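[1] Here you go, sequence then predicted model.
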Amino acid sequence: MTRLFALLCFLHLPIFLFSQMPEPQLPLPTPAQLAWHDTEFYLFFHFGPNTFTNLEWGHGTEPEDVFNPTDLDCDQWCRIARQAGARGVIITAKHHDGFCLWPSKYSTHTVRESKWRDGKGDVLRELSDACRRHGLKFGVYLSPWDRNHPEYGTPEYNDVYVNTLTELLTNYGELFEIWWDGANGEGPNGKKQEYDFHRFERVAAQLQPDAVIFSDIGPGCRWAGNERGLILTETNWATLDTAGFQRGLGAPPEDTLNQGNVNGQLWLPAECDVSIRPGWFYHPEEDDKVKTPGQLWDIYLKSVGRGANLILNVPPDRRGRIHERDSASLVAFGQKLRDAFRHNLAEGRPCRLGNGRHWFDAGLTDVNQNTFAEFEIVPGESFLEIDLKKKRKINTLLLREKISTHGQRVEAFKVEVFEKGGWREVAHSTTIGVRKILVFPEVKTSKVRIAILAAKAPPVINDVRIYRIKS
């Protein structure tokens, strides 16, 4: 290896490969965040009294008996999630109305007080068990706002919230995500609550150390700033500065949440949330307003494809099942997802780094994310080139940086194809990070090359894949 490095130096290559471990570009993701990144896409289930009252935000005064699904089937939820390509699910264990989908010891507004399952039911138990049967990760949303609990708006409510949180974090197995929003309205006594989020975070870290906490400012992942499910531009930094900001009204500006901070001090990647319907809870009048597979695909490319995670809300109906319209769209989307990335045309093909005169095998098409290559940026000279061996139709490129040990570095890059004896640019973009899926007009070529145009530090790329995705 030393002789090889000496030869590269003698040839004045603008490349440094495997000779020594490059310095990391801090901050770096934690092991829990890396596992969360790999989850990529999961479903959100908004379910509760609002499902039966046709509301989005319940008042907290709804009688418990209003919650009465006639055919709850969490296995059906999980089967559809798997068919859609989701790797996990998150459920609204308690929404703002305060109704608990489990028989909490710290509330009298729960499934225990309803007629459903003769008061012996537990939605979280049924769903968490179903997730294990179907190989899905499980997470919970527990609204801090509670429009029903009599102690909301008093210091004692923080104890109540910690107790209910503890029930969720100790009784339903391992969680991959805990979901908080910044909603903070009045309770039954007309007062608002001062949430002790630092205490909530400590409890979560102690009881579920591998769970990532979502909110406007993390600490595990951040909101992307809109409910359209999109990273609005090509740029998405997984880093953010949160000093001086709070959840809810005190959150960072929407464009900052969406794009992150290029030199942010915290690894705080974006999660994009959107509902498959206009509303977040089930409403029968929206049965003909379900997003199409094509719309879901576009959202996927502009969220997961831009380095974020995607949480897609799919509200169960009043039977306690995923509606047929939602199911059909999800299954078709899942098939499109599998078909799109089934054939990696770059796998096993020669991949080299160089400047047109001197080249070095980069080994980045082995589908092994432990392989990486680092190279200096010399505009017009430094390229990563993939030889497809013969002319193929292509229209999609997937790139990854080795974020686990080197952080996020790339600020801009371009993609060129070889045709008619020369190179032609077909696409360009900004950040890469955990993944960038770049779609461009279909072209037929035998070679593809990538030039990094700008970066915070020498780029460390560890995965290159090429596809032809049919529309």
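    Thanks, I have the structure now.
[2] how about the strands in the stretch 151-300 of the chain?
    177-179, 212-215, 221-223, 239-240, 266-267, 270-275 (DSSP state E, counting those that start in this stretch).
[3] Show me the one of those strands that comes nearest residue 150.
    Closest approach to residue 150 among these (C-beta to C-beta): strand 177-179, 25.0 Å. (Each C-beta comes from the backbone N, C-alpha and C, glycine too.)
[4] Tabulate the strands of the stretch 151-300 of the chain in CSV, adding columns for mean pLDDT, distance to residue 230 and mean neighbour count.
    As requested, the strands of the stretch 151-300 of the chain are exported to CSV (pLDDT from 0 to 100; distance: least, C-beta to C-beta, whole Å; neighbours: other C-beta atoms under 10 Å):
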stretch, mean pLDDT, distance to residue 230, mean neighbour count
strand 177-179, 98, 19, 25
strand 212-215, 98, 17, 24
strand 221-223, 98, 12, 25
strand 239-240, 98, 18, 22
strand 266-267, 98, 21, 20
strand 270-275, 98, 6, 23
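[5] Indicate which one of these is closest to residue 406.
    Closest among those, using C-beta to C-beta: strand 266-267, at 12.3 Å.
[6] Show residues contacting that closest one.
    27-30, 33, 218-219, 238-242, 407 (C-beta atoms under 8 Å, 6 or more residues apart in numbering).
[7] so which of those is the most crowded?
    When neighbours are counted by other C-beta atoms under 10 Å, residue 238 leads those with 28 neighbours.
[8] Distance of that one relative to residue 42?
    Relative to residue 42, residue 238 is positioned 18 Å away (C-beta to C-beta, to the nearest Å).
[9] Could you say which helix or strand holds residue 333?
    Using DSSP states H and E, residue 333 sits in helix 324-340.
[10] Next SSE downstream of that helix?
    strand 351-354.
[11] hey, C-alpha coordinates of that next one in PDB?
    Only the C-alpha atoms of strand 351-354 are listed here, as PDB (Å, rounded to 0.1, in the frame of the first residue of the first chain):
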ATOM      1  CA  CYS A 351     -15.200   2.300 -11.800                       C
ATOM      2  CA  ARG A 352     -12.100   4.500 -11.700                       C
ATOM      3  CA  LEU A 353     -10.800   7.900 -10.500                       C
ATOM      4  CA  GLY A 354      -8.500  10.000 -12.500                       C
END
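[12] in this protein, which residue is closest to the centre?
    residue 309 (1.4 Å; C-alpha atoms, centre = their mean).
[13] Pairing partners for it in the sheet, please.
    residue 271 (DSSP bridges).
[14] who's in contact with it?
    Residues in contact with residue 309 (C-beta under 8 Å, 6+ apart) are 36-37, 39-42, 221, 269-272, 303.
[15] Residue ranges in this structure under the pLDDT threshold?
    1-22, 355-359, 375-376, 378-381 (pLDDT under 70).
[16] Parallel or antiparallel, list what pairs with the helix or strand where residue 398 lies.
    In this assignment (DSSP H and E), residue 398 forms part of strand 383-401. Its sheet considered, strand 383-401 pairs with strand 351-354 (antiparallel), strand 436-455 (antiparallel), strand 460-467 (antiparallel) by DSSP bridges.
[17] Next, format those as CSV and append mean neighbour count and distance to residue 316.
    Shown next, in CSV, are the strands paired with strand 383-401 (neighbours: other C-beta atoms under 10 Å; distance: least, C-beta to C-beta, whole Å):
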stretch, mean neighbour count, distance to residue 316
strand 351-354, 22, 46
strand 436-455, 18, 30
strand 460-467, 22, 34
